[in-house]
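coordinates for the following, if possible.
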Amino acid sequence: MRLVLALLLAATATPALAAPPPVHGYGSLAISAQGDRVATVESTSPFGKGTITLRSVRDGKVLRSFDPCAKACSLSGLTFAPDGTLAWLARDRAAGTVTLAVDQNGKARTIATIKGIAQTPRFAPDGKRIAVLVTIGAAKEAGAAQAGVRQIGEIGEKSDEQRLAVFDLGGAPVAADAVKPVSPADRYIYEYDWTPDGTGFVVTSALGNGDNNWWVATLDAVDATTGTVRTIAKPTTQLNFPRVSPDGKTVAFIGGLMSDFGSVGGDVWTVPFAGGTPRNITPTARLTVTSLAWTAGTIRGTALRGDQAGLVTVGERGDGFGWSRPASLSAGDAKAAWSADGRTVATVAQDFTHAPAIFAGPVAAPVQITHDNDAIPAVMTARSISWKNEGFTAQGWLLAPIGADPAKKAPMVTIVHGGPSAANTPSFGGGYGDLLDAGYYVFLPNPRGSYGQGEAFTAANKRDFGGGDLRDILTGIDAVEKVAPVDDSRLGLTGGSYGGFMAMWANTQTNRFKAIVAGAGLSNWVSYYGTNGIDQWMLPFFGKTLYQDRKAYEDVSAVNFINRAKTPTFIYVGERDIEVPPTQSIEYWHGLKDQGVPTSLVIYPEEGHGIRAPVNYADLRKRTVAWFDRYLKPAQ
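Numbers count the residues shown, from 1 in each chain. Here you go, the predicted structure:
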């Protein structure tokens, strides 16, 4: 009877409002050296084919939009030459090739074809050559978070090698079998920057397995002709964004406690190009620098300070933090793109309630120049929450369903970010829609160990995993409950990677949560040490290897306290995860089963450290909401 009534009401009711338009994405943003144009790869589908669009920085007007691919391809790596020539990478996954091309007189001209994968093209200072990072015959996608190769045959004897290749723009197209990298075959190049005279590069690199050895990468110089490598420095921190000064005498980089390549955060360090001991030039900054550029004598970058992402100029009085907003910023291989003189900037900004838009203009006050997404309504409300605990100030985000009744108690799910060196930052939609639609509040804390409060805050969970950071999260939940109608008896907890560890660990430390979802989590640091593909990441946090200090690893292993676990837990992981192998989830699931704790484990086929295939992702979303509904909502 209810179904019939509903159908009748639907048939006679006012027609439903039209679905909101799809989100217009702006990927791989680059700005011309003159600061007058921006280029992006634009699409209205995360899985759709994009087009290259050039816009005026002054008003966002589309100057040209084109698709350089004759068939299906993915576009990336947009970059401008000093004279304004645009280059890009076009990947044909079916053929296993990447084409490096330039826009010449309105037509695409192929510079080279790479058999394998490629990224980060950059023109030489004279504009006559272009460099690119190539992995010829790649066995997997670049990065440890990607699905690993099958572990068969002789293990550890052969790894993908990402190397620097240089191509002359004036020559004939280079065929796939003729690509000859300039950097040596035994060295994995992570990032690079041309020297101002065009004779070489400054790089971050390491010998051996590229997935595992980034945490011990060195700062090096590579000759652009001979490939000869010279070590500039061996920093005591992880490093990203090596950038050379315009006079070629100094190298700047971001150094800090970073637990994942690509999740960048730290202080700004400099060292003579000739070599020496790096010097921290922002040692007291209460923020985290997240990207870097060296323009016309000035070090520019982006930073996260509390709930604000913004632009930073290094070397000014104070911390140099300028234009900012409670948002996430992105651009090409950084978070902002700068003109050659450093006076003009462009970035893509988005937050929880505003879909992506390009902001561009003077560094002091860039303005929104695109409005494709202005009509897309918010799907949640969001507020920043700050709280104090044990001498630290932490921050997080509280999301609520649209139209939530402030007088009605509701369940809440806390989501712990990965890393631990990372931060929950705003993104439109953010993947939280399923939980919000189901009536849950969502809490995204940034406890100690996170970015945004300075390097001391990031390093505060060294040798203390699951200690102070868990206490910060629990105190943060207390702060949320003072300002929102959250039912403390219906709290859920989830997270992936380090967040997955925290979910598993919290189950053995507190009964405050009534349902848990743990993704790609670490349950036993002892067995993890010997079976993961990135064991080097733990040394900056634990100080010693497992074999030198076994107790430190045992003390934070959830399986050693599994008899305390009472909370029902759904566990998931990728079959080919090399960052946190599936055995960690199996071990935890087995322990819960032995203790009689309700649990479920799903291992998704062919997935790495993250569930990416649309069918698998849809299944995970459905299972996650169902698990929380089962234990956090009263029986209907």
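
ranges for the helices of the stretch 451-600 of the chain?
455-458, 468-483, 498-506, 525-531, 539-542, 550-554, 582-595 (DSSP state H, counting those that start in this stretch).

need these in JSON lines with distance to Lys566 and mean neighbour count, can you?
(C-beta placed from N, C-alpha, C; glycine too.) As requested, the helices of the stretch 451-600 of the chain are arranged in JSON lines below (distance: least, CB to CB, whole Å; neighbours: other CB atoms under 10 Å):
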{"stretch": "helix 455-458", "distance to Lys566": "32", "mean neighbour count": "21"}
{"stretch": "helix 468-483", "distance to Lys566": "16", "mean neighbour count": "19"}
{"stretch": "helix 498-506", "distance to Lys566": "11", "mean neighbour count": "28"}
{"stretch": "helix 525-531", "distance to Lys566": "22", "mean neighbour count": "17"}
{"stretch": "helix 539-542", "distance to Lys566": "28", "mean neighbour count": "18"}
{"stretch": "helix 550-554", "distance to Lys566": "22", "mean neighbour count": "15"}
{"stretch": "helix 582-595", "distance to Lys566": "8", "mean neighbour count": "20"}
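
possible to save those as CSV with distance to Ala394?
Putting the helices of the stretch 451-600 of the chain into CSV (distance: least, CB to CB, whole Å) gives the following:
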stretch, distance to Ala394
helix 455-458, 8
helix 468-483, 5
helix 498-506, 14
helix 525-531, 24
helix 539-542, 19
helix 550-554, 24
helix 582-595, 27
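
Leu239: which of those is closest?
Leu239 lies closest to helix 539-542 among those, at 11.9 Å (CB to CB).

can you give me the buried ones in stretch 593-604?
Going by neighbour count (16 or more other CB atoms under 10 Å), the buried part of stretch 593-604 is Val597, Thr599, Leu601, Ile603, Tyr604.

and the residue nearest to Gln104 when sequence neighbours are not counted, backbone torsions?
Sequence neighbours aside, Thr85 is the residue nearest to Gln104 in space, at 7.1 Å (criterion: CB to CB, 6 or more residues apart in numbering). With angles defined as degrees, to the nearest 10, Thr85 shows backbone torsions of phi -60, psi 140.

neighbours of Thr85, how many?
The local packing of Thr85 (other CB atoms under 10 Å) involves 17 other residues.

so where's the longest strand in the protein?
Using DSSP state E, we find that the single longest strand of the chain is strand 107-123.

buried set for it?
By neighbour count on 16+ other CB under 10 Å, the buried set for strand 107-123 is 108, 111-123.

who touches the residue nearest the centre of the chain in this structure?
The centroid of the chain falls nearest to Ser263 when counting by CA atoms, centre = their mean (5.1 Å). Counting by CB atoms under 8 Å, 6 or more residues apart in numbering, Ser263 touches Gly418, Gly419, Ser421, Ala422.

what do you get for Thr510?
With CB under 8 Å, 6+ apart, Thr510 has these contacts: Leu470, Leu474.

where does Arg630 land in three-state SS?
Three-state call for Arg630 (DSSP: H, G, I helix; E, B strand; the rest coil): helix.

residues touching the closest residue to it other than its chain neighbours, list them.
With CB to CB, 6+ apart as the criterion, Arg630 has its nearest non-adjacent residue at 7.3 Å, and that residue is Ala515. Contact partners of Ala515, counting by CB under 8 Å, 6+ apart, are Gly492, Leu493, Thr567, Pro568, Thr569, Trp627, Phe628, Arg630, Tyr631, Leu632.

quick one: the residue nearest to Gln104 and Ala506, what's the gap?
Plainly put, Thr85 is 53 Å away from Ala506 if you go by CB to CB, to the nearest Å.

same thing with Asp472?
Distance from Asp472 to Ala506, counting by CB to CB: 12 Å.

next: Gly255.
The gap separating Gly255 from Ala506 is 31 Å, by CB to CB.

picking up where we left off before, let me have the contacts of Ser263 in JSON lines, extended by secondary structure and distance to Ala346.
Output for those, formatted as JSON lines (DSSP: H, G, I helix; E, B strand; the rest coil; distance: CB to CB, whole Å):
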{"residue": "Gly418", "secondary structure": "coil", "distance to Ala346": "28"}
{"residue": "Gly419", "secondary structure": "coil", "distance to Ala346": "28"}
{"residue": "Ser421", "secondary structure": "coil", "distance to Ala346": "27"}
{"residue": "Ala422", "secondary structure": "coil", "distance to Ala346": "24"}
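
would you turn these into TSV with distance to Leu75, neighbour count and pLDDT?
Shown next, in TSV, are these (distance: CB to CB, whole Å; neighbours: other CB atoms under 10 Å; pLDDT from 0 to 100):
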residue	distance to Leu75	neighbour count	pLDDT
Gly418	28	24	95
Gly419	29	22	94
Ser421	30	27	96
Ala422	27	24	97
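
and the two most separated of the residues you listed?
Gly418 and Ser421 (9.3 Å).

pull up the overlap in contacts between these two.
Asp260, Ser263.

can you pull the poorly scored residue ranges out of the protein?
Applying pLDDT under 70 to the chain picks out residues 1-20, 46-48, 138-158, 316-318, 635-636.

just the strands from the stretch 101-250 of the chain, written as ranges.
Here the stretch 101-250 of the chain has its strands, by DSSP state E, counting those that start in this stretch, at 107-123, 129-136, 163-168, 187-194, 200-207, 218-223, 229-233, 238-244, 250-256.

want to try TSV for these, with distance to Ser557 as columns?
What follows is those, written out as TSV (distance: least, CB to CB, whole Å):
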stretch	distance to Ser557
strand 107-123	36
strand 129-136	35
strand 163-168	38
strand 187-194	31
strand 200-207	28
strand 218-223	32
strand 229-233	35
strand 238-244	24
strand 250-256	26
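
to Arg55, which of the ones you listed lies closest?
Smallest distance to Arg55 across the strands of the stretch 101-250 of the chain (CB to CB): 19.0 Å, for strand 107-123.

how far off strand 200-207 does that closest one point, in degrees?
Angle of strand 107-123 versus strand 200-207, following axes from the mean of the first three to the mean of the last three CA atoms, to 10 degrees, is 70 degrees.

could you check the angle strand 129-136 makes with strand 107-123?
Orientation check (the same axes, to 10 degrees): strand 107-123 against strand 129-136 gives 80 degrees.

Leu329 bridge partners, please.
Beta-bridge pairing for Leu329 (DSSP bridges): Ala349.

that one: neighbour count?
Neighbour tally, Leu329, other CB under 10 Å: 24.

equivalent analysis for the one 4 residues further on, please.
A total of 20 residues lie near Asp333 under the criterion other CB under 10 Å.

Thr290 versus that one, what's the distance?
12 Å.

can you check Leu493 too?
For Leu493, the distance to Thr290 - CB to CB - is 27 Å.

do the same with Ile31
Distance, Ile31 to Thr290, by CB to CB: 18 Å.

can you check Lys234 too?
Taking CB to CB as the measure, Lys234 falls 23 Å from Thr290.
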